[in-house]
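Peer 1: got a structure for you, letters missing:
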């Protein structure tokens with residue numbers, strides 16, 4: 001069984017490898033939606049895989065690192081692409097959520113996104 005929690009953030013970035021004549025080479029921003037998937041079996045005592053309130057709290061701590069920031073300046077986020085964001089969010093949450101299953105990051109306005117299954121199960 002899998003549960004999920006979404007959170008959103010708005011941020012700016014510049015992508016490496018592009019000069020200022022390309023839109024990616026200039027500071028630009030996006031609205032992002034991240035989805036955090038947690039896999040497991042419900043506990044007998046509470047019928048929950050993991051308390052969604054706990055997941056929300058941990059997602060909020062990651063959101064606070066990203067929201068309304070220039071992603072290039074976030075410690076530990078080495079390349080602020082969709083792929084880089086997935087890995088960054090995974091690395092922050094896996095410390096607190098051991099049964100993390102996958103991370104998705106979407107830019108809904110452009111219809112783009114990335115899904116990350118972790119370093120050992122990357123599909």
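Peer 2: Perfect, thanks for sending it. All of these numbers come straight from a predicted model, not from anything done at the bench.

Peer 1: ok, now which ones touch residue 15?
Peer 2: The contact partners of residue 15, by CB atoms under 8 Å, 6 or more residues apart in numbering, come to 24-25, 79-81. Glycine gets a C-beta too; all of them are placed from N, C-alpha and C.

Peer 1: can you rerun that using 6 Å?
Peer 2: residue 24 (CB atoms under 6 Å, 6 or more residues apart in numbering).

Peer 1: Quick check, pLDDT for residue 17.
Peer 2: Residue 17 is assigned a pLDDT of 84 by the prediction.

Peer 1: Now do the same contact list for it.
Peer 2: Shown here is residue 17, which makes no contacts under the criterion CB under 6 Å, 6+ apart.

Peer 1: can you pull out the strands in this structure?
Peer 2: 2-13, 28-39, 100-107, 112-116 (DSSP state E).

Peer 1: looking at the ones you listed, which is buried most?
Peer 2: strand 100-107 (a mean of 20; mean count of other CB atoms under 10 Å).

Peer 1: quick one: average confidence on the longest helix belonging to the chain?
Peer 2: If you go by DSSP state H, the chain has its longest helix at helix 52-66. Here helix 52-66 scores 98 as its mean pLDDT.
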